[in-house]
Structures are given as C-alpha cells and as structure tokens.
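Colleague: Provided below for reference: sequence and predicted model.
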Amino acid sequence: MKKHMKTSRWMTGLVAVGCAAGMGAAPRAAAEVSQADFDSLKDLVLKLSDQVQSLRQTNQLEQQLHEQDVQQIQQLQAKLAETSRTATDAQQKAVAASQTAPMPRVPIDEATVNHNFQILGDAEVQYAKTSGQNGSFVMADFAPIFLYRGGDNVLFESGFDFILQNNPQNSNPATPGATTTVNLSFAQLDYVINDYLTLCAGNLLLPLGTYSERSAGWLNKFPDSPLARGFVPGNGVGAELRGAAPLGESGALLNYAVYGVNGPSSSDNTGQAGSLDLGGNVGLRSDNVVANLHGNPTGGGRVAVFVPFKPHYDLELGLSAQSGEWDNAGQHLWTAGVADATLHLGPNLEAKGEYIVSRYGSDDLGNVTQQGWWAQVGYKLAGLNLEFPGINNLELVGRYDSVRDGMGGSTQRTSFGGVYYISNALLFEGAYEFLHSTDPTQADQIILQLSYGF
C-alpha cells in the first residue's frame, strides 16, 4: 500500500514538471510560426472542410437516386403481378364460358358475311369520228362485276354490260337512233378442288387465247377490240376445269384448262355459211320454238407456259383450241385454234398478240377458213425518267391487225394512240386507225374514250 502511494506521488510530480516545461517552451514555438504560414494552414483546413461537405452532399444525392430506383422496381413488380393475375382470370373465364356456352342451333355460313361480297367493274364513254362522216359520241357502257365468296372453296362471279350504242347510219325516222342493250358477259360458280385445280360452271369466259379474260373492256389499251377476235366466241355455257402447276423452283408455271360448252350454233336453223352464230344460240330456233337443236356440245382447252426471268420481266406462250358441231342438223363442224404470246420487259414495256384461225363446214360455201392476227406494244414514258409535266402519266401504244373472213373479204388496220393515266383508275385513251379493206363501209377513224375502273 505504501509502495503504491509512493509510485502515484512520483508520477504526479513528473507530470507537473512536464507541464511547467511545456508552458515555458510554448511562447518560443509560437514565436517561430509566421502569419503567412498560419493563413496558408487555415486555407487548407477550409478547403478540406468544403470537400468533406461536398462528399456528404454527393452521398446524399446518390442515396436518394437509389431509393427512387428501388421504388420504381417495386412498382413494376406490382404491375407485373397484377397483369399476370388478370391474364389468369381471363383464361379461366374463357375456359368456363367455352364449357357452359350452348352450341348454335344452325351452323354459321361464311357466305352471309358482308365483306365476302364485292362489286367491281368499269364504265366508258366513247367519241368517234370516221372519215367522211360527222363525229359523235357513239357509245356509253357500264359493266359491273359481282364477286361473292361462299367459303374457303366456293366463289361466284358475274359480269354485265349495259350499253347505249348510237347508230349514225340510221336513216329511218321510225326507228330510234340509239339502242340500249343488256348482256350477261359471264356468270360462273367456281369450286376450288385443291391448289392446282378449280371447277367452273356457268356462262364462262372461254380461254381461247387470253384477250377475253385479261384484256377486254377497261383493261384494253385501245378503245376497240382486235378484228380477229370476231372469229372466236368470248364466252359459252358449260363447265371447265382449270389450274396451274409450278415447273421447278424458278417460278415458271404450267397453266391449263379444259372445258365443254354449247358452242357456236345456227342463227336461222340452216347450215348456210352466213348463219354461223358464235354466241351459242342453242335451244331457241328462229321461229321462237324452244328445242334442243344440238346433239353434242363443243369441247376445248388451253395450255401455256409462263416463264419469269426477274421482277417485271416475263414471257408467256399459249396454245388453245375448240371444236364441235355448229349446225342444227349436226352435219358440220366448227373448229378454231389460237396461239398467244405476252412479253414484259420491265414495268414500262409490254408486247402481246394472238394468231387466230377457224374453219367450219357449210351447205352453200363448203369449208370456210377464217384467219387473222394482231400484235400490239405499249411503252410507259415514265421509263425515260424525264421531268416534263404529265409525261410520266402517258403510255404510247401501237397495234397492227389483219383478217380474212374466208368469203372474199379482208381488212388490214394500223392503229397508233396513247393512254393518259389521270389516276390509276381513270384513263383517257385515244387512237387513230388507218384501214385498208374490201368492205367499202370501212374507213379511217379516230376514237377517243374516257374509262374508269372501280
């Protein structure tokens, strides 16, 4: 105990001596630090204090951003969970509804849906000036086409022609100067058997060449038809099988069609050459007595090869024919053949044509052979890449056609014209035609036509 007390007293004495010594030395150390050094040290301390304060503020901002990110993640997780619950509820309700909903009493027919019915077609008005005659508006035509889809495999299509035709050569005041006609151009039911074959029945557009199906009416780049088309019928009542099949992997196609129709007939119940009726006047004699005057229908078909080279470059070559009896006595045959070709060289150049020959027997002239051909070319001036106003809407066209009727008559015609596309559907067409014919009533003429496709 005494030893401990002695030690404490000893340490206390040492501390007192040290303090006295320090107090005595302090004035000498302070005297050695200048005012400049002190100010510099003060500035350094202040700067360090500012940096510490800045770091604290940065840490606080980062902490706030981190808290905001955490809140957004939590909100997204909550929305995801809510969406998942909604989808699950909807799926459960759909399953429950399908299990409890009663079946309809009558199956739903797709043909009753309005969008399965469409009306297309075209309309034209035509002005003509024939050499030696006064010019006039000679024709107005309205040609609606009705399309109806009765399901995945059943289609129906029909077309009509309502034509007001002037008769400028009419000199009888007791008869009207214009006549209105209504024609059923075609009306057929199509059943798609598979990807390569379709069955058609009704009043068919016949695939004798390609003009009737692809170039007539608004699609024609001339206001009138080629002369040789008068040697073959454009339609016929019957049935047809048609389709296409690929040839290899290049995109080439084999097009084919085979059909049986009533075919040509006699317009006056005789076998005279002049009574040939390509319209198929079957079942009604000239004395209005209804009768089946044909023992056998005519048959025909077409086969063609379509070869694409690259986009907008392609060639199609086709052969078609039809044959059958035409007179009411069934003693004479009518036969026709057509070779057709179509060529596209880019989006602006098109060339096409047909060679047509027909042959039929008669009571008065024996065998009559009719033949003719036509070729036309069209070029859209947009291919010239010129900047003149309106030039890109203009297409120049030319056509040559020639016919021999087999009864001593012949006609050659050269036509030049153009098509101005006011819009994609509204066309103004014009052509000047130079004719050389054995028929004295035929003469040069200019034809203008405004047509609209809808």
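Modeller: Cool, got the structure.

Colleague: tell me where this protein has helices.
Modeller: 2-32, 35-100, 211-214 (DSSP state H).

Colleague: show me what the shortest one is in contact with.
Modeller: Read it as helix 211-214. Leu205, Leu206, Pro207, Ser225, Pro226, Arg229, Gly234, Asn235, Asp340, Glu354 (C-beta atoms under 8 Å, 6 or more residues apart in numbering). (Glycine included, C-beta is placed from N, CA and C.)

Colleague: 6 Å - rerun?
Modeller: Leu205, Arg229, Gly234 (C-beta atoms under 6 Å, 6 or more residues apart in numbering).

Colleague: what's opposite the first one in the beta bridge?
Modeller: Note on Leu205: beta-bridge partners Asn235, judged by DSSP bridges.

Colleague: for the contacts of helix 211-214, which entry has the maximal number of neighbours?
Modeller: Using other C-beta atoms under 10 Å as the neighbour criterion, Arg229 leads these with 23 neighbours.

Colleague: and that one, what pLDDT?
Modeller: Here the pLDDT value assigned to Arg229 is 94.

Colleague: so who does it touch?
Modeller: Tyr211.

Colleague: gap between it and Gly318?
Modeller: Going from Arg229 to Gly318 by C-beta to C-beta, to the nearest Å gives 15 Å.

Colleague: do Thr411 as well
Modeller: 25 Å.

Colleague: more neighbours, those two?
Modeller: Between Thr411 and Gly318, counted using other C-beta under 10 Å, the more crowded position is Gly318 (21 against 18).

Colleague: now that one: closest residue in space, sequence neighbours ignored.
Modeller: Ala304 (3.1 Å; C-beta to C-beta, 6 or more residues apart in numbering).

Colleague: run through the bridge partners of that neighbour.
Modeller: Asn255, Gly318.

Colleague: before we move on, the earlier item: which single one of the contacts of helix 211-214 is nearest to Glu240?
Modeller: If you rank these by distance to Glu240 using C-beta to C-beta, Leu205 comes first, at 9.5 Å.

Colleague: wouldn't that closest one be in contact with Ala187 here?
Modeller: No: at 10.2 Å, Leu205 does not count as touching Ala187 under the criterion of C-beta atoms under 6 Å.

Colleague: low-confidence ranges, this protein, go.
Modeller: In the predicted model of the chain, residues 1-33, 38, 45, 49-65, 69-70, 76-77, 79-81, 83-115, 167-177, 280-295 satisfy pLDDT under 70.

Colleague: please go through it and pick out the longest strand.
Modeller: Counting by DSSP state E, the longest strand found in the chain is strand 178-194.

Colleague: helices or strands next to it in the packing?
Modeller: strand 154-166, strand 197-205 (3 or more C-beta pairs under 6 Å, 6 or more residues apart in numbering; DSSP states H and E).

Colleague: and that strand, which residues are buried?
Modeller: Using 16 or more other C-beta atoms under 10 Å as the test for burial, strand 178-194 gives Ser185, Phe186, Ala187, Gln188, Leu189, Asp190.

Colleague: which residues sit against it?
Modeller: Taking C-beta under 6 Å, 6+ apart as the rule, strand 178-194 contacts 153-156, 158-166, 198-205, 235.

Colleague: now list the buried members of the residues you listed.
Modeller: 155-156, 158-161, 163, 166, 198, 200, 202-205, 235.

Colleague: Cys357: neighbour count?
Modeller: One correction, residue 357 is Val, not Cys. 20.

Colleague: nearest spatial neighbour of Ala321, chain-adjacent residues omitted?
Modeller: Counting by C-beta to C-beta, 6+ apart, the residue nearest Ala321 is Gly337, at 4.4 Å.

Colleague: alright, that wraps it up for me.
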